[in-house]
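Asker: Model the following, please.
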Amino acid sequence: MRRVLALASILSLSLAASGAFASHGGPDDGSPMDWARGGGQVVLDPENLERAGDTLAFTAQVRPPAGSAEGRVQYVQTSEAGQDMELWNGSVDCLVVDGNTATIGGTILFGRGVTGNFAI
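Answerer: Okay, the predicted model is just below:
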């Protein structure tokens, strides 16, 4: 579990340049007050760009007036042969946005090779 979360944290840091966004909205326009969405793939071996990297996709938001977080996260770790090794899908129940950086937490709903909670 810790290995997966550590990898997911590294992935989330790597996603800043590959399509991950976080923002604050306004409570009066019906849009999420805070949100983050994105995804990407990490190149694990710069010498072998043909090898598939681990992937992470996420969407999270806090909507007024309740202010509770909701969303989904999916993580897929691949092997040297490019086959899926670990896969999990999670439900978001915590979102903190600071500028353009988001921290997302929740519970793994379905996991192959991992169970419990996640934080990215």
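
Asker: From here on, just use CA atoms for contacts and neighbour counts.
Answerer: OK.

Asker: For the chain, which segments are assigned as helices?
Answerer: Under the criterion DSSP state H, helices of the chain are mapped to 2-14.

Asker: what about it, any weak spots by pLDDT?
Answerer: Counting by pLDDT under 70, the chain shows low-confidence ranges at 1-32, 51-52, 80-84.

Asker: Can you check which strand is longest in it?
Answerer: Looking across the chain with DSSP state E, the single longest strand is strand 84-98.

Asker: Which other helices and strands does it contact?
Answerer: strand 21-24, strand 34-41, strand 55-62, strand 69-78, strand 101-112 (3 or more Cα pairs under 8 Å, 6 or more residues apart in numbering; DSSP states H and E).

Asker: Excluding its own residues, what touches the third one? List them.
Answerer: If you take Cα atoms under 8 Å, 6 or more residues apart in numbering as the criterion, strand 55-62 is touched by 8, 11-12, 32-42, 68-77, 92, 95, 104.

Asker: ok, of the residues you listed, which come out buried?
Answerer: 8, 11-12, 32-42, 69-77, 92, 95, 104 (16 or more other Cα atoms under 10 Å).

Asker: sorry, back to before: with respect to Leu49, which of the helices and strands packed on strand 84-98 lies nearest?
Answerer: strand 34-41 (11.5 Å; Cα to Cα).

Asker: Send me the closest one as CSV with only the CA atoms.
Answerer: What follows is strand 34-41, C-alpha atoms only, in CSV (Å, rounded to 0.1, in the frame of the first residue of the first chain):
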residue,chain,number,x,y,z
ASP,A,34,-12.2,24.2,-5.3
TRP,A,35,-11.5,21.6,-8.0
ALA,A,36,-8.7,19.6,-9.4
ARG,A,37,-8.6,17.4,-12.5
GLY,A,38,-6.0,15.8,-14.7
GLY,A,39,-4.0,12.8,-15.5
GLY,A,40,-0.9,11.6,-17.1
GLN,A,41,1.7,9.0,-17.6
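
Asker: quick check: angle from that strand to strand 101-112?
Answerer: With axes from the mean of the first three to the mean of the last three Cα atoms, to 10 degrees as the basis, strand 34-41 and strand 101-112 are set at 60 degrees to each other.
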